[in-house]
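Visitor: With the input below, show me the fold.
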Amino acid sequence: MHRFDALGGLELLIADFSDHRFDVHWHDTWSIGVVLRGANNNSAKGDAEGIVCRGQISVISPGQMHAGTTLGVEGCHYFMFYPSHEMLLGAAESMAMQLPAIKGKHIEHAVLAKKLCETATVLTDMQSSHFDREVAWSHCVAELLQVFSPWQSLTEAGDITPGLRRAKEYLHDHNAQEVRLDMLAQAVGISKFHLCRQFSAKFGLSPSRYQRQLRLQQAKALLSRGGDIAEIAIACGFADQSHMGRIFKSTYGVTPRSYRDRRI
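Guide: Alright, predicted model coming up:
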């Protein structure tokens, strides 16, 4: 079980059971997850209504009685987020939506399932920054509410270009600094959930990945003029030389040293 105090006490369970049965119980949080392999039955009564199969999303509301039984011979590999009701309610209100009333719902929604999986990966990656995790979770919540809420966001159709332009300018001005998502959203006057979703849709990168790209561009410019790689990494906002090296190579296919030493 992973706990993220900086994300409102969000918990994330990653489970892989070959044969397991949970007693009937309830949580005081929401339970939102995806089955990655196999299937399970989360019905408190054990009927077919609770069967969740590979690729399906399970959503259980706070206080709802449920259980958990692994089905089939291959077991069940899944993950489950446990966000508080207050956190989701606040997110919905900030997006001018209503938090839907859901009881034991499971759906097929490939786009949302992929977003949930990507978010779980970012949150559990030891190399992820606090900004990475904030952006990933906020974007995920926005997608989740968009799928489940019957209410259209009041700002969805509005002119968001000025706010997104200010967000880009802010990231350019603070590209080597630690940025907090709340601070960025407040600076541009957009809810952090809208900001993450709309920024990614408009520019093709999340705010944290966009900032990382700015740092890489700055690093390339400095490396092209020579210099100490460790000093360049710190100057560009990376944790250390190793951190920059991994991201640099995965992006450009060469190490910072190779890039620097290939100068003509």
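
Visitor: so how far is stretch 2-22 off the chain centroid?
Guide: 15 Å (CA atoms, centre = their mean, to the nearest Å).

Visitor: could you give me the average pLDDT of that stretch?
Guide: The pLDDT scores in stretch 2-22 average 84.

Visitor: contacts for that stretch?
Guide: Residues from elsewhere that reach stretch 2-22 (CB atoms under 8 Å, 6 or more residues apart in numbering): 1, 29, 33, 40, 67-70, 75-84, 86-87, 120, 123-124, 130, 133-134, 137. For the C-beta atoms, the positions are set from N, CA and C on the backbone; glycine is no exception.

Visitor: Show the end-to-end separation of it, please.
Guide: Stretch 2-22 has an end-to-end distance of 19 Å (CA to CA, to the nearest Å).

Visitor: what comes up buried for that stretch?
Guide: For stretch 2-22, the neighbour count (16 or more other CB atoms under 10 Å) marks F4, L7, L10, E11, L12, A15, F17 as buried.

Visitor: now do stretch 236-249
Guide: For stretch 236-249, the neighbour count (16+ other CB under 10 Å) marks C236, G237, F238, Q241, M244, G245, I247, F248 as buried.

Visitor: State the pair within the buried residues of stretch 2-22 that is farthest apart.
Guide: For those, the farthest-apart pair by CB to CB is L7 and F17; their separation is 25.6 Å.

Visitor: Quick one: name whatever helix or strand follows the helix-or-strand element of the chain with minimal mean pLDDT.
Guide: Of all regular secondary-structure elements in the chain, judged by mean pLDDT, DSSP states H and E, the least confident is strand 21-25 with a mean of 70. Toward the C-terminal end, the helix or strand that comes next after strand 21-25 (DSSP states H and E) is strand 31-41.
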